[in-house]
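**Q** Okay, here's the prediction I keep looking at, along with the sequence it came from:
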Amino acid sequence: MTINDIVSTFDTFENKSFDENNVSNELRKLLPPKRDETNPDLLAEIMAFEFMEDYQDEDTGWGTYFGPMIVWNNADGSNTKFPSIGSITPEMIAYWENRANESRNPILVARYSGLVWDFQSIKCKTNPSHKICRLFVDAALKIANEGFFKYEVTVWKKLERAINLSISLNDDYLIDNCKKAIIDFEKKYSQDNKPGLWGNSFDLLIGKNKIKLSVQEESFIIKELEDKLYRLTKPDSNNHKIDPWAAEISAIRLAEYYKGKKRYDDVKRVILEIGNAYDKIIGEASAIQAINWFNHLYGLYKKYDLKEEAANVLLRIREIGPKIDKEMTNFSHSFSIPQETIDAYLKEITDGTIEEVLTRICFNYIPHKNQVKEEIFNLSKKYPMVYLSSHEIQDGNGRVIATIGSLKDDWEGHIVRQISMNLSFLSIFLDLAIKELIVKSKLDKNAIINFIQKTPIIKKERLIIIEKGLEAFFSTDYITFIHLIIPQIEEAIRNLLELAGGNVLKPSKKGGFQLKTFDELLRDDIIVKNLKEDFVDYFRMVFTDPRGWNMRNNVCHGMANPEMFNPYTADWVLHGLLCLGLIKIE
């Protein structure tokens, strides 16, 4: 088999049902065992069909329409891409241009010409001819109009590229042909339960200045969306199920259209259709599903200023929330630690004077951000699916209180979550250390007071409150301890900011001033500079970040459930208090 033998099987008007991957897979059968001995023409052909269309990742792309099919991370933090723009040569561009002009099948023509148009100016330092652009547009129109495709959904990328290039050429004839092809393709292949196959006419044509739609064409596109919204939100005699997710895709497009026309009654009508669709299926859903749907619906109502409806959704969330706990499943994992390991650990951490021991405990249990980042990086390689999607964090009543995005979009959120999990595990060892010190009669109320009273950020008049809190800790009254100590930690951080020359006030909406919140204090540049990033991140995770333990807000706003007031959470509050004792004036 030769290159020509393989390519010729695809380059016919009869062969319509294939895609670029099919071509590259066949060509790869010709690769020699030693890749560096690959024929340049074979390399050009294989690469041509392995670039990804409409590449969206700005971090790993080249600012071009085509991008690499595969990107993998190297051990040194760099990445390798295939195909690579670095492998493209001027000779390869010339080869593709020749193939674009001599090929017959529009799938091949579109790929060759598209690559030349995209890469010639970069690799050859000369602008491609407008003829190669028109060649691509004509090929894309043939693909759509004459059914040259394996999967319908892939045609939309080519049609979008075709009409955008036609607009850049300012060619009304090509623009009109693209417009007709887009409308006709959607009309022919649209399926209600496959949203990727419809709505594209609206996206590509409606509201575009250089695209001239007749009244009839615009009305047809809007009517198609209205009809889909109707069918997807109401069951029919054929037992088609209501599909609010697909219906929403139609409703949002319609809402934006009517909003632009100032037809606000229609905006409300189409958005409420989605709410009604959820109502019809909510009875079959679990409480967890229902809460997620209502959270989503609340955001939708807020976006389109349906205030009353949004308020009603919140009431329903509160009503369903208590049912969440009954549906939750507990997962546990047990492990054993040899007694000699525990004994060695306790000896190492509790030996020395009480001041040495408390200082050691303070530093030993503050997480290091760089270590956590490395831990997340290693976990993401081992369990990639966990880090590709976003995660919602709910409180005990089922309310979403925070969202952690994918690892790519939300490194900070994943760091907070990982620290939270790590501290849960470390709670065992911190508790063992504290109990060992109590048994050894090293740790009591007076020892802690002596340790922290040397810091200038805890005022002497506050020590009486702290003393009462410590009495509660040592008598295992953790509810009293946590309620008394957390506000004193916040006050100490406020004092630190003032001592360092910062401002603890902010304007009040009702006039005058009010104190900054605990989280605002911890985000202040002066606090970060003085306490360093690891310390501040740790305090925010424990006390103020809803993605973490958020103890200050949960306690002070009355959101903490009784089970939160346990020895382990009390230990971390005590640890936070002890850490304040490390702060001195230089």
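**A** Looks like it came in fine. Numbering: from 1, shown residues only.

**Q** how does this structure divide into domains?
**A** 1-191, 214-331, 345-361+421-580 (automatic domain parsing).

**Q** Nearest to residue 391 among the ones you listed would be which one?
**A** Minimum separation from residue 391 across those (C-beta to C-beta) falls at domain 345-361+421-580, 9.3 Å. The way it works is simple: take the backbone N, C-alpha and C, and place the C-beta from them, glycine included.

**Q** quick revisit: can you convert the domains of the chain into TSV and add a column each for mean neighbour count?
**A** Output for those, formatted as TSV (neighbours: other C-beta atoms under 10 Å):
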stretch	mean neighbour count
domain 1-191	17
domain 214-331	16
domain 345-361+421-580	17
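
**Q** weakest of those in terms of mean pLDDT?
**A** With a mean of 88, domain 214-331 has the lowest mean pLDDT of those.

**Q** Mind naming the longest helix for this protein?
**A** The longest helix of the chain (DSSP state H) is helix 411-439.

**Q** and after it, which helix or strand comes next?
**A** helix 445-452 (DSSP states H and E).

**Q** picking that back up, make JSON lines from the domains of the chain and add distance to residue 403 to it.
**A** Shown next, in JSON lines, are the domains of the chain (distance: least, C-beta to C-beta, whole Å):
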{"stretch": "domain 1-191", "distance to residue 403": "21"}
{"stretch": "domain 214-331", "distance to residue 403": "10"}
{"stretch": "domain 345-361+421-580", "distance to residue 403": "8"}
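
**Q** Residue 338: which of the ones you listed is closest?
**A** Within the domains of the chain, the stretch nearest residue 338 is domain 345-361+421-580; the backing value is 10.6 Å (C-beta to C-beta).

**Q** now the end-to-end length of the closest one.
**A** Domain 345-361+421-580 has an end-to-end distance of 24 Å (criterion: C-alpha to C-alpha, to the nearest Å).

**Q** where exactly do the helices run in the stretch 251-400 of the chain?
**A** Under the criterion DSSP state H, counting those that start in this stretch, helices of the stretch 251-400 of the chain are mapped to 264-282, 287-303, 307-320, 324-327, 339-350, 354-364, 369-382.

**Q** Tell me which of the ones you listed approaches residue 82 most closely.
**A** Closest among those, using C-beta to C-beta: helix 369-382, at 18.7 Å.

**Q** between the closest one and helix 411-439, how many degrees?
**A** 120 degrees (axes from the mean of the first three to the mean of the last three C-alpha atoms, to 10 degrees).

**Q** so is residue 506 in a helix, a strand, or just coil?
**A** strand (DSSP: H, G, I helix; E, B strand; the rest coil).

**Q** ok, so what distance separates the nearest residue to it once chain neighbours are set aside from residue 503?
**A** Once flanking residues are discounted, residue 506 sits nearest to residue 516: 5.4 Å by C-beta to C-beta, 6 or more residues apart in numbering. Using C-beta to C-beta, to the nearest Å, residue 516 is found at 8 Å from residue 503.

**Q** before we move on, what about residue 307?
**A** Distance of residue 307 to residue 503, given as C-beta to C-beta: 35 Å.

**Q** Looking at the domains of the chain, spot the one closest to residue 407.
**A** Closest of those to residue 407 is domain 1-191, at 11.8 Å (criterion: C-beta to C-beta).

**Q** First residue to last residue on the closest one, what's the distance there?
**A** First-to-last residue span, domain 1-191, C-alpha to C-alpha: 41 Å.
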